[in-house]
Structures are given as structure tokens and as C-alpha cells.
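**Q** Based on what follows, work out the 3D shape:
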Amino acid sequence: MTSSLKAKHLGWAAGAAALAMAGTAFAAAGDAGSPSDPAVERTRQEVKMLDDLFKNMVIWVDEHYVKKPSDTAAATAAKALFGAMKKSGWYEVRILGLTDVIGDPDDIPRDEFEKTAAKKLRGGDAYYEELVVRDGKRYLRAATGIPVVSENCVMCHANFKGDKGNVGALAYDMPVLE
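**A** Next up is the predicted model:
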């Protein structure tokens, strides 16, 4: 492997590790106050797997395809993927903006869960969840933090420059895997 290719790979791996760090908090944060329920734990693990997948995909797209502000943002590609999964009936996941400047109105936290998650994640938590019942079915609502991991982030989001905390989140609404 050439030194420049090695450096790119290390940069991508470091970014993936930074975004995946939210996953390391799942067990500790997710178990606190939650019932010991195998179905909820299976669903929590599914959220963790999807979170790792999506965040690594965003980093990969960002690293390989986003070179200038006019390029399609990695978050735009992620939103297309999230929409396809929702349309297929799997679950819902969406991006939440956590800063004072949110470019896409669809990213504004909407309900009490998202507003509470945004406050906790912006305060430094890596993970927040609630178990809810809708129409007699249980759902795990979970949110994971997104820190700035690349200079490409600040290319389009100048307000992120120098920000070391969570500037965004992924909010999951998953049916419990009974």
C-alpha cells in the first residue's frame, strides 16, 4: 500500500472509529433503567449494527465522493437510503441537527423524544433511548450522536468548525424484535 493510500485509509478508519464510538456507549447507556428484556436487547443490538453501518457509509461516501461544496453531500445519500428503508417498511431513521444553525428544516427535532435526545446528545451523551408503545406494538426510539470527523463537514457547515461535540444525531424508531 502506498503511503498516501495508507494515510487515506488511516484517516477513514479514524473517522469511522470516531463515529462508531457512540456504539460503545450502547450497553452502558441502553441498560440503565431498561427492563432486562431479550426482545428489547435484540432491537438495541439491531440499532447498534445499523448505526455502525450508516455512519461508516457516510464516512466512506464523504471520503471518496465529496470533494467540493457542489458535490452531493454524504448526508444526502444517507437520507435517500433512510427513505428507501422506511418505504420498504423496515423502520424509520432520520438525521437530527443539534446546533443553532440547521440547514434542512426536516432535521429539526420534532417531538419530545427528539428534543430530549438532542439536549442529552449535545450535552455529551453518546446515546439516548426510550421504549414506547403505539397501537399495541412496542418500539425502541434511540438516538446516537454525530461528531465532526472530517474537514469535508466544515466545507459546507462552517458553523461546525472547531466543534468537538455532537453536532447531529441519527434518530431511530424501530419496532421491537419480538
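
**Q** List the buried residues of the lengthiest helix in the chain.
**A** In the chain, with assignment by DSSP state H, the single longest helix is helix 38-65. For helix 38-65, burial by neighbour count (16 or more other C-beta atoms under 10 Å) applies to 40-41, 43-44, 46-48, 50-52, 54-56, 58-59, 61-63. C-beta here means a position set from N, CA and C on the backbone, and glycine is covered the same way.

**Q** Just give me how far it sits from the chain centre.
**A** In terms of C-alpha atoms, centre = their mean, to the nearest Å, the centre of helix 38-65 is set 8 Å apart from its chain centre.

**Q** who does it touch, helix- and strand-wise?
**A** helix 3-24, helix 26-31, helix 74-87, strand 137-147, helix 151-156, strand 166-175 (3 or more C-beta pairs under 8 Å, 6 or more residues apart in numbering; DSSP states H and E).

**Q** at 7 Å what do you get?
**A** Under the contact definition 3 or more C-beta pairs under 7 Å, 6 or more residues apart in numbering; DSSP states H and E, helix 38-65 sits against helix 3-24, helix 26-31, helix 74-87, strand 137-147, strand 166-175.

**Q** what does the fourth one contact?
**A** Taking contacts as C-beta atoms under 7 Å, 6 or more residues apart in numbering, the residues outside strand 137-147 that touch it are 18-19, 22, 40, 43-44, 47, 51, 96, 113, 117, 121, 126-132, 165-176.

**Q** partners of it, with directions?
**A** Counting by DSSP bridges, the strands paired with strand 137-147 are strand 127-134 (antiparallel), strand 166-175 (antiparallel).

**Q** Reformat these as TSV; add mean pLDDT, mean neighbour count and distance to residue 109.
**A** Below are these laid out as TSV (pLDDT from 0 to 100; neighbours: other C-beta atoms under 10 Å; distance: least, C-beta to C-beta, whole Å):
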stretch	mean pLDDT	mean neighbour count	distance to residue 109
strand 127-134	96	17	12
strand 166-175	93	23	8
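
**Q** would CSV of these with distance to residue 80 be doable?
**A** Formatted as CSV, these follow (distance: least, C-beta to C-beta, whole Å):
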stretch, distance to residue 80
strand 127-134, 25
strand 166-175, 15
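
**Q** out of the ones you listed, nearest to residue 67?
**A** strand 166-175 (21.2 Å; C-beta to C-beta).

**Q** thinking in terms of the whole chain, how far from its middle is that closest one?
**A** Mean-position distance between strand 166-175 and its chain equals 5 Å (C-alpha atoms, centre = their mean).

**Q** With just CA atoms, put it into CSV.
**A** What follows is strand 166-175, C-alpha atoms only, in CSV (Å, rounded to 0.1, in the frame of the first residue of the first chain):
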residue,chain,number,x,y,z
ASN,A,166,-22.1,16.1,18.7
VAL,A,167,-23.4,18.4,16.0
GLY,A,168,-26.0,16.0,14.8
ALA,A,169,-27.7,12.7,15.6
LEU,A,170,-29.3,9.7,14.0
ALA,A,171,-32.8,9.1,15.5
TYR,A,172,-34.2,5.6,15.1
ASP,A,173,-37.8,4.4,15.5
MET,A,174,-37.5,0.6,15.5
PRO,A,175,-40.3,-2.0,16.1
